[in-house]
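S.K.: I would like to see how this sequence folds:
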Amino acid sequence: MYETDGFLKHYLWFLCGIGLPGNLLTILVVLSHKPYRPATLLLGCLAIFDSAALITKLIESQILYNKFRLGWLGCKLIYIPSTVTASIANWTLALICAERCIAVCYPLKRLYLMTTRRSKCLLAVMSAVLGTYVSVLYALFMVDSNGEIVCVFQNIGIYTFLLVQYASHIIAPFILISCFTVLVIRQLHVMRNNRQELRRKRSINESPILRQESQENKMSLLMIGASLLYFIVNAPSCLFYTVIWPATCIPRHVWFYVKDLLYVINDSSHALNFFVYFALVKGFRSDLYKVISNVVKQRRRKLDDL
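M.R.: Here you go, the predicted structure:
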């Protein structure tokens, strides 16, 4: 953990520098959509948990790289905040994918199956379960090394521990997100064909159904963008920990370099969602311009009042 170069010591400063402002802008765009629906609520929570993951990872890295003596209790607690917030962020994206899958595949049942209240309850229960699971995991198996600076695993092999952690932290959300995303893309293709048929029969501006569908499509595209980013940055970890590592004999120094590289790639998912939204979804760019324009106008009014 400590035998790393300057980049690994400081890369989280860079991710926080670009990720926190981006997540803040995402939250502002989400807050501009009223009344709040499950999709917008979950999207805003994803930005919040992504920000929390970046901040806790930065604090954790500074404590570790500056070699503070943590002791028995510190070793059990140091990794919990970053692991919990990152896990909640990943599972929140899985919830977004599930909500979008229900919305596009079963639109008539969506209002019953995924209400705003149920979404809040699911987030609360999910956060409590993940927080308890991660806390118990580190409380049982992480200890200090006889007064030394480093923390070590106890009564469990490092591969077993990392596999158990990654199974709940990355692999399980990865499988769900991939399945839901495929279903959503397939259904959007069907809906696109239906929309073209409706366009031949009536103007889209005269159809409230099609206007509502356009809004739903925007939320679905945001979900697809976030899912594709998640797939790209987490597929290497899933492949390495489930296939490559068990099947090959990797030298220890190579393993450390690969592990650190995967950490960097995984952490970037919490910083780049905003840029994916902005690049891929025209509706998000329009909403962002409106939010910035309103903020500028309000600022000018305050200056004029002075």
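S.K.: Can you name the helix or strand that C16 falls in?
M.R.: helix 6-31 (DSSP states H and E).
S.K.: Buried residues, that helix. List them.
M.R.: 8, 11-12, 15-16, 19-20, 22-23, 25-30 (16 or more other CB atoms under 10 Å). All C-beta atoms are positioned from the backbone trio N, CA, C, and that covers glycine.
S.K.: for the very next helix or strand once past that helix, packing partners?
M.R.: The element immediately downstream of helix 6-31 (helix or strand, assigned by DSSP H and E) is helix 38-65. Judged by 3 or more CB pairs under 8 Å, 6 or more residues apart in numbering; DSSP states H and E, the packing partners of helix 38-65 are helix 6-31, helix 80-105, helix 116-141, helix 208-239, helix 252-268, helix 273-280.
S.K.: Looking at the second one now, give me its mean pLDDT.
M.R.: The predicted model gives helix 80-105 an average pLDDT of 94.
S.K.: next structured bit after it?
M.R.: Following helix 80-105 toward the C-terminus (DSSP H and E): helix 107-113.
S.K.: Show me the shaky parts of the stretch 151-300 of the chain.
M.R.: Residue ranges of the stretch 151-300 of the chain with pLDDT under 70: 195-214.
S.K.: Apply 50 and report the result again.
M.R.: Confidence mapping of the stretch 151-300 of the chain against pLDDT under 50 gives the ranges 204, 206.
S.K.: give me the number of residues near S227?
M.R.: Look at S227: counted by other CB atoms under 10 Å, it has 24 neighbours.
S.K.: Now do the same contact list for the residue lying closest to it once chain neighbours are set aside.
M.R.: Leaving aside its sequence neighbours, S227 sits nearest to T181 (CB to CB, 6 or more residues apart in numbering; 4.3 Å). Listed by CB atoms under 8 Å, 6 or more residues apart in numbering, the contact set of T181 reads C97, M223, I224, S227, L228, F231.
S.K.: Can you give me the distance of the last one to N23?
M.R.: By that I understand F231. 20 Å (CB to CB, to the nearest Å).
S.K.: quick revisit: mind giving me a markdown table with the helices and strands packed on helix 38-65 and columns for distance to L54?
M.R.: Listed next are the helices and strands packed on helix 38-65 as a markdown table, based on distance: least, CB to CB, whole Å:
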| stretch | distance to L54 |
| --- | --- |
| helix 6-31 | 5 |
| helix 80-105 | 9 |
| helix 116-141 | 17 |
| helix 208-239 | 14 |
| helix 252-268 | 7 |
| helix 273-280 | 11 |
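S.K.: So which of the ones you listed is the most surrounded?
M.R.: Comparing those by mean neighbour count (mean count of other CB atoms under 10 Å), helix 80-105 comes out on top with a mean of 24.
S.K.: For that one, which helices and strands make contact with it?
M.R.: For helix 80-105, the packing partners by 3+ CB pairs under 8 Å, 6+ apart are helix 38-65, helix 107-113, helix 116-141, helix 172-201, helix 208-239.
S.K.: Which strands and helices lie in contact with the last one?
M.R.: Helices and strands in packing contact with helix 208-239 are listed as helix 38-65, helix 80-105, helix 172-201, helix 252-268, helix 273-280, helix 282-305; criterion 3+ CB pairs under 8 Å, 6+ apart.
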